[in-house]
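**Student:** What follows is a predicted protein model with its sequence.
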Amino acid sequence: MNFFSDQALSINRLQKEAFFPFGHKLHCLYLKQTEPLMSATSDAQSQSNKKALERIRKKRKKKLEAAELVDRIKAGDATALSEAITLIESTHITHQHIAQDVISGCIQNAGKSVRLGITGVPGVGKSTFIESFGLHLIDKGHRVAVLAIDPTSQRSKGSILGDKTRMHGLTQHKDAFVRPSPAADALGGVARKTRESIVLCEAAGFDTIIIETVGVGQSETVVHSMVDFFLLLMLAGAGDELQGIKRGIMEMADAIAINKADGDNVKAAQKASREYKNAVHLFPPNSSGWVPKVLTCSALKKDGLPEILDTIENYTEEMKSQGLFVKKRQKQDINWMHDTIVSELKRNFYNNPDSKSKMLQLEARVKSGEITPFMAAHEALDIKDD
């Protein structure tokens, strides 16, 4: 800028001040006072933009992670399958979102397996049986996934998760996948996310899914709601003291196998088999007309395994021919939906800050005897009796 331009600007400013003597000073004061505010506003806007961008990046990252896991699972990658199940079992909200995206990506490739539930009294040899039977299935050309549910300590909340050690041979096989999971606080020891894990295993190409439960009991009936075939393992000479827990499970069993029928125990196992065959005829008839089969086997000696496989295949064929196989799956999916609704309602309720403070107050009133637990529950949910 030259001398004449500078002079022209100075004259222009003097002319303005002549008409508005305080104009320039007020303008400068305005700028001086508003500059920090404008700067703060700009900083806040910048921080808001950064947070928005970070959210977008995280969302894109989740989708990329989920998409990558889905592709790897469909390709039969066992490591990706393990990673996805870990996300399913996690309580972290970010992991849950990724897990749901993975499940959504795999659901179209699921449903093509036979799902087997295996339960039995403690010490019946479930793990040994599953390993022997799983290897027998692989020899027949199947791919086997085992979801083993381990008991969870009510004190320490920990689980041993030792099934992979007990199923060493099956674990090492390329056509097998063994995943132990803690039972946590789910009913009957069947982990809350077992159904989602089944979907992922099916998407990974496993055509036989075996679910091993914690042990026998009335609460173990929950496994029946997610499998196609329910196998009950029993011991010979277990005694009448188990009758109270046997009947409820036996009524739902599609087959009963007397395990450890080897050595000196063969005759006892055969006798038990005859007794159980007589017992199953006393139970109410199944709506499908299927009569539960009673067999003997030795997981240790691998005796009786072909007969058990034949029974499962005959059952599956018969159910499919009657159209009951698909109907049962559809009913299980409906139950899955209702269970998820209950689970999510419970999680949302207890994670709500207002609910937490209200629950502390109600717990104190219940302890003092001011109100009953039933009344407190109604008040917590704002339920009004008519």
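**Tutor:** All right, it came through fine. Everything quoted here is computed from the prediction, not taken from an experiment.

**Student:** Tell me where the model's unsure across the stretch 101-250 of the chain.
**Tutor:** 151-165, 183-192, 214-219, 238-247 (pLDDT under 70).

**Student:** For it, which segments count as helices?
**Tutor:** Listed in chain order, the helices of the stretch 101-250 of the chain (DSSP state H, counting those that start in this stretch) span 126-139, 163-166, 168-172, 194-203, 243-250.

**Student:** what about the residue lying closest to D228 once chain neighbours are set aside, how many residues close to it?
**Tutor:** Once flanking residues are discounted, D228 sits nearest to R115: 4.8 Å by Cβ to Cβ, 6 or more residues apart in numbering. Glycine gets a C-beta too; all of them are placed from N, C-alpha and C. The number of residues packed near R115 is 23, by other Cβ atoms under 10 Å.

**Student:** Please work out which of the helices of the stretch 101-250 of the chain is packed deepest.
**Tutor:** The highest average neighbour count among the helices of the stretch 101-250 of the chain, using mean count of other Cβ atoms under 10 Å, belongs to helix 194-203 at a mean of 24.

**Student:** and that one, how far out from the chain's middle?
**Tutor:** On the basis of Cα atoms, centre = their mean, to the nearest Å, helix 194-203 sits 9 Å off its chain's mean C-alpha point.

**Student:** Next: stretch 256-268.
**Tutor:** On the basis of Cα atoms, centre = their mean, stretch 256-268 sits 35 Å off its chain's mean C-alpha point.

**Student:** Pull out the buried residues from it.
**Tutor:** I256, A257, I258, N259, K260, A261, D262, N265, A268 (16 or more other Cβ atoms under 10 Å).

**Student:** swap in stretch 273-285?
**Tutor:** Those buried within stretch 273-285 under the rule 16+ other Cβ under 10 Å are S273, Y276, A279, V280.

**Student:** residue contacts, the most centrally placed residue in the chain?
**Tutor:** Closest to where the C-alpha atoms of the chain average out (Cα atoms, centre = their mean) is K193, at 1.0 Å. K193 makes contacts with I85, I88, E89, S181, as judged by Cβ atoms under 8 Å, 6 or more residues apart in numbering.

**Student:** ranges for the strands of the chain?
**Tutor:** Here the chain has its strands, by DSSP state E, at 114-120, 144-150, 176-182, 208-212, 229-234, 255-258, 293-296.

**Student:** in its sheet, what does the last one sit against?
**Tutor:** According to DSSP bridges, strand 293-296 forms sheet pairs with strand 255-258 (parallel).

**Student:** Please compute how far the partner strand lies from its chain's middle.
**Tutor:** Relative to its chain's centre, strand 255-258 lies at 28 Å (Cα atoms, centre = their mean).

**Student:** And the helices of the stretch 101-250 of the chain: which comes nearest N352?
**Tutor:** With Cβ to Cβ as the measure, helix 194-203 is the member of the helices of the stretch 101-250 of the chain nearest N352 (24.3 Å).

**Student:** Strand 208-212 and that closest one, what's the angle between them?
**Tutor:** Per axes from the mean of the first three to the mean of the last three Cα atoms, to 10 degrees, the angle that helix 194-203 makes with strand 208-212 is 150 degrees.

**Student:** hey, C-alpha coordinates of helix 194-203 in CSV?
**Tutor:** Below are the C-alpha coordinates for helix 194-203, written out as CSV (Å, rounded to 0.1, in the frame of the first residue of the first chain):
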residue,chain,number,x,y,z
THR,A,194,-25.7,-69.6,23.8
ARG,A,195,-28.3,-69.1,21.1
GLU,A,196,-26.2,-66.4,19.4
SER,A,197,-23.2,-68.6,19.5
ILE,A,198,-25.1,-71.4,17.8
VAL,A,199,-25.9,-69.0,14.9
LEU,A,200,-22.2,-68.1,14.5
CYS,A,201,-21.1,-71.8,14.6
GLU,A,202,-23.7,-72.6,11.9
ALA,A,203,-22.5,-69.7,9.7
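
**Student:** In contact with G123, which residues are there?
**Tutor:** Contact partners of G123, counting by Cβ under 8 Å, 6+ apart, are L235.
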